[in-house]
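**Q** I need the structure of the sequence given here:
(chains A and B)
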Amino acid sequence: MSETPSSWDDLTGHERVRAVVETADSPMSVVDITDRADVSRTTADDELAMLAERNDLVETLVDGKRGYETNYVSVVFDEMQSLVEDHTEEELTTRLAELEAEREQLQTEFDADSLDEFRTQTAEDETLSVEELRERRHVAASWDTLDAELTLVRHALRLYRDVVDIGQKPSRSTVY
Amino acid sequence: MVVFLANRRNLDSRRLHDRLKQRLESEFGFQNVRTERADPHSPGPYRAVGEIDPRVFFDDQSSPTTEARVEAGFELDAPADSEHYWINWVEPERRLLVGWHRDDTHSSLGPVHRQINNGSQPVAHEPATFVDSHPLDVFLRRVDTLPGVVDSVQSTDWVRDGRREVVPEGFEPSSLPPEGNRIGRYPTGLLTSYGSAGVVLYLANHSDTLYPLNTTRRPRRTVTSAGCDRPGVPDTPPETDLQPDSDPAESELRTIGVLGGMSPASTTHYYERIVAGVNDTRGGHTSAPVVVYSVDFGTVAPMIDADDWDAAGDYLAQRAEAVAAAGADVLLLATNTMHRVADRVAAAPIPFVHIVDPAATAARDRGIETVGVLGTETTMAADFYRDRFATLGVDTVVPDADAREMVDRVIFEELVHGEIRDDSREQYLDVIADLRAAGAEAVVLGCTEIEMLIDSDDTDLPVFDTTAHHVDRAVELCLGERPLPE
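**A** Residues are numbered from 1 along each chain as shown, chains lettered A, B, ... in the order given. The predicted structure follows:
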């Protein structure tokens, strides 16, 4: 337990900038990032430039003002990279099987082959109560996340094999 | 390889929960931390989970159980104007769950409610203060206040047979657990099975004491001088400080005068930052009007070496008048060291912004009374820096002579040449530790180059970079967000 209160203000300005851009749902102007992170323009500029240099962000224009958006290609590669570095091929294979089993469970429970089909069923079923609709919204969100993870693990597994095939131990420098 | 970008918000969400997981471990000492996908029937995509011994977390050996966990989940794409979340403290042995839920249930209790569960069964709800902030901030504040909230879960008699049901004020009595349901085990015997002399858990109403927060979104910062990455004291200056006395029209900008060249690199830094800062606000092709007089440092440097500050003052005062004559509305001297002759430069017929003032104001606004100063030997040893801070009510401490020599040497032998050395950073951090021991509550970087070596991530003391604050002030003045200094 920390002895001092923990809050936004306990984070460094750089950390606040990172937190803001990592949860932004659309490109943000530097001014908005500065305001939301509650930092000086200089701190925001420094951190944003560093994140852009690292390919985590891409510079763009937001209503004619300089701004940034997440480089999702980089995020995806980072995720795959972590999976490859942190797990053996066997672990990834096992994980893939677990995720597929979970999806089969949902398919069976809701008698739907895919998330799209489940959503269509939900939209067309007029007998569902508010509570049931709420729960189905949760299930749909979870299914979406499950599908995304499945795809990610599949790609990581392929990457793992490709990297091993060319005789290199996976490392950050070989992924890009 | 074909790159897929299925659902970008899933990626954001995963990353956010990984950050929460890291905070649980690093900030609060939780163990076995992990990011899990939420149960399909539960809201939100992920949970950041960490386990801890309540006796350690609460620093209370009388805690009735040794196992607990925090589960925190945020839904970034919630059908609301801010994220939904569920932050729960769970003690499995007691079947106790205490948590804050912001979702589309219990809307009569407001945007956020606190909930107590007996196992999976909710037994009580009450309104909670809405914290309108970034998810990471919400998470940190909630976890930080858990000891007080869990401690407030108390037991009281509940005589079921006699229908005397003790329900805490503000709670929904309809959500009491069904008869025969077991509340849990409590070593003192107070908490026994649910029956004729059972127990109801309740939360004391701490809304006012636990969350004395202004829950409105932070005001847009028109003053950026407080951005030195510091926890603690609210840093938004009084509103009256923010009112410009003459707000330039949208198309009008004040012209910033920069007396620089000492060194040229520092002046370039000023120019670039001022132009970028103004463009960030106005956008388009807007560019700050700036008059730069870059002096010949080869003329000034020998005056410094000869300790001939009068000559240096005369030289710079003449150039300052030239900056004013060129149309500048306000003057900045783009060097810490030469502020030793600031009085001479300030005699120019336009307002002058002393480099210490924005940083000192920021420190003062944060309640900081003493700062440690790092800079060139001239800056650290001379009175002009100390006196200027003192004018604004901030005391200064400086390193001892040996440390000042080291700090000065690193600036001139390494940093001005762009050389960044880890061992020098370590030496600087040792000096900062000594400054803290001498009473410094913050560190002032009184030299442009030092920011190449040290920033706020290197020390848990607040860091005030005078150059950064100086530049920010120039941007505000250019935009008319501040009145011109007298």
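**Q** Residue ranges of each domain in the chain, please.
**A** Answering for chain A, as no chain was given. Under the assignment automatic domain parsing, the domains of chain A span A:8-70, A:74-175.
**Q** I was after chain B.
**A** According to automatic domain parsing, the ranges for chain B are B:8-210, B:245-486.
**Q** Report the closest residue of chain A relative to chain B.
**A** A:Ser40 (2.7 Å; CB to the nearest CB). In this view, the C-beta of every residue, glycine as well, is placed from N, C-alpha and C.
**Q** Quick check: that residue touching A:Val17?
**A** No: counting by CB atoms under 8 Å, A:Ser40 does not reach A:Val17; the two are 10.4 Å apart.
**Q** what do those two both touch?
**A** Counting by CB atoms under 8 Å, 6 or more residues apart in numbering or on different chains, A:Ser40 and A:Val17 have no common neighbour.
**Q** ranking the domains of chain B by mean pLDDT, which is last?
**A** Of all those, domain B:8-210 carries the lowest average pLDDT, namely a mean of 71.
**Q** How far off centre is that domain?
**A** Relative to its parent chain, domain B:8-210 has a centroid offset of 26 Å by CA atoms, centre = their mean, to the nearest Å.
**Q** Check which residues of the biggest helix by length in chain B are buried.
**A** Counting by DSSP state H, the longest helix found in chain B is helix B:8-28. Residues B:9-21, B:23-25, B:27-28 are the ones in helix B:8-28 that count as buried (16 or more other CB atoms under 10 Å in any protein chain shown).
**Q** For that helix, list the C-alpha coordinates in CSV.
**A** Extracted as CSV, the C-alpha positions of helix B:8-28 are listed here (Å, rounded to 0.1, in the frame of the first residue of the first chain):
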residue,chain,number,x,y,z
ARG,B,8,-9.4,-1.0,-32.5
ARG,B,9,-11.2,-0.3,-29.2
ASN,B,10,-10.4,-3.9,-28.2
LEU,B,11,-6.8,-3.0,-28.5
ASP,B,12,-7.2,0.2,-26.6
SER,B,13,-9.1,-1.6,-23.9
ARG,B,14,-6.5,-4.4,-23.6
ARG,B,15,-3.8,-1.8,-23.3
LEU,B,16,-5.7,0.2,-20.7
HIS,B,17,-6.3,-2.9,-18.5
ASP,B,18,-2.6,-3.8,-18.9
ARG,B,19,-1.8,-0.4,-17.5
LEU,B,20,-4.2,-0.9,-14.6
LYS,B,21,-2.6,-4.3,-13.9
GLN,B,22,0.8,-2.7,-13.8
ARG,B,23,-0.4,0.0,-11.4
LEU,B,24,-1.9,-2.6,-9.1
GLU,B,25,1.5,-4.2,-8.8
SER,B,26,3.8,-1.2,-8.8
GLU,B,27,1.7,1.3,-6.9
PHE,B,28,-0.2,-0.8,-4.5
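**Q** Check which element follows it along the chain.
**A** As assigned by DSSP states H and E, the chain's next helix or strand after helix B:8-28 is strand B:31-37.
**Q** Direction included, what does that following strand pair up with?
**A** Strand B:31-37 pairs in its sheet with strand B:46-52 (antiparallel), by DSSP bridges.
**Q** now the angle between helix B:8-28 and the partner strand, please.
**A** 10 degrees (axes from the mean of the first three to the mean of the last three CA atoms, to 10 degrees).
**Q** For the longest helix of chain B, which helices and strands make contact with it?
**A** Counting contacts by 3 or more CB pairs under 8 Å, 6 or more residues apart in numbering or on different chains; DSSP states H and E, the secondary-structure elements packed against helix B:8-28 are helix A:13-23, helix A:72-86, helix A:130-165, strand B:31-37, strand B:46-52, strand B:68-75, helix B:135-144.
**Q** B:Pro399 is nearest to which of these?
**A** helix A:13-23 (24.8 Å; CB to CB).
**Q** how about the closest one: buried residues?
**A** For helix A:13-23, by 16+ other CB under 10 Å, it's A:13-23.
**Q** As a markdown table, those with distance to B:Ala401 and pLDDT would be great.
**A** Shown next, in a markdown table, are the buried residues of helix A:13-23 (distance: CB to CB, whole Å; pLDDT from 0 to 100):
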| residue | distance to B:Ala401 | pLDDT |
| --- | --- | --- |
| A:Gly13 | 33 | 84 |
| A:His14 | 33 | 87 |
| A:Glu15 | 36 | 89 |
| A:Arg16 | 38 | 91 |
| A:Val17 | 38 | 93 |
| A:Arg18 | 39 | 93 |
| A:Ala19 | 42 | 93 |
| A:Val20 | 43 | 94 |
| A:Val21 | 44 | 94 |
| A:Glu22 | 45 | 92 |
| A:Thr23 | 48 | 90 |
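**Q** what would those look like in JSON lines with distance to B:Leu136?
**A** Formatted as JSON lines, the buried residues of helix A:13-23 follow (distance: CB to CB, whole Å):
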{"residue": "A:Gly13", "distance to B:Leu136": "14"}
{"residue": "A:His14", "distance to B:Leu136": "13"}
{"residue": "A:Glu15", "distance to B:Leu136": "8"}
{"residue": "A:Arg16", "distance to B:Leu136": "8"}
{"residue": "A:Val17", "distance to B:Leu136": "12"}
{"residue": "A:Arg18", "distance to B:Leu136": "10"}
{"residue": "A:Ala19", "distance to B:Leu136": "5"}
{"residue": "A:Val20", "distance to B:Leu136": "9"}
{"residue": "A:Val21", "distance to B:Leu136": "12"}
{"residue": "A:Glu22", "distance to B:Leu136": "9"}
{"residue": "A:Thr23", "distance to B:Leu136": "8"}
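**Q** Filtering those residues by proximity to chain B, which remain?
**A** Among these, the ones lying near chain B by CB under 8 Å from any CB of the partner chain are A:13-16, A:19-20, A:22-23.
**Q** ok, B:Ser332 touching B:Leu259?
**A** Just so we're on the same page, residue B:332 is Leu rather than Ser. Yes: contact between B:Leu332 and B:Leu259 holds when scored by CB under 8 Å: they sit 7.1 Å apart.
**Q** residues contacting B:Leu24?
**A** Per CB under 8 Å, 6+ apart, neighbours of B:Leu24: B:30, B:33, B:48, B:50, B:70, B:72, B:143.
**Q** measure it to B:Val70 for me?
**A** Look at B:Leu24 and B:Val70: by CB to CB, to the nearest Å, they are 6 Å apart.
**Q** intersection of neighbour lists for those two?
**A** B:30, B:48, B:50, B:143.
**Q** coming back round to it: most widely separated two among the contacts of B:Leu24?
**A** It's B:Val33 and B:Val143 that sit farthest apart of the contacts of B:Leu24, by CB to CB, at 12.2 Å.
**Q** With neighbour numbers in mind, choose between those two.
**A** When neighbours are counted by other CB atoms under 10 Å in any protein chain shown, B:Val33 and B:Val143 differ, and B:Val143 comes out ahead with 24 against 21.
**Q** If I follow the layout properly, that one ends up in contact with B:Gly29?
**A** No: using CB under 8 Å, B:Val143 is not in contact with B:Gly29, being 11.0 Å away.
**Q** any weak-confidence spans in chain A?
**A** A:1-6, A:164-176 (pLDDT under 70).
**Q** Distance-wise, check the residue lying farthest from the centre of chain A relative to B:Arg55.
**A** In chain A, counting by CA atoms, centre = their mean, A:Thr127 sits farthest out from the average C-alpha position, at 34.4 Å. Taking CB to CB as the measure, A:Thr127 falls 50 Å from B:Arg55.
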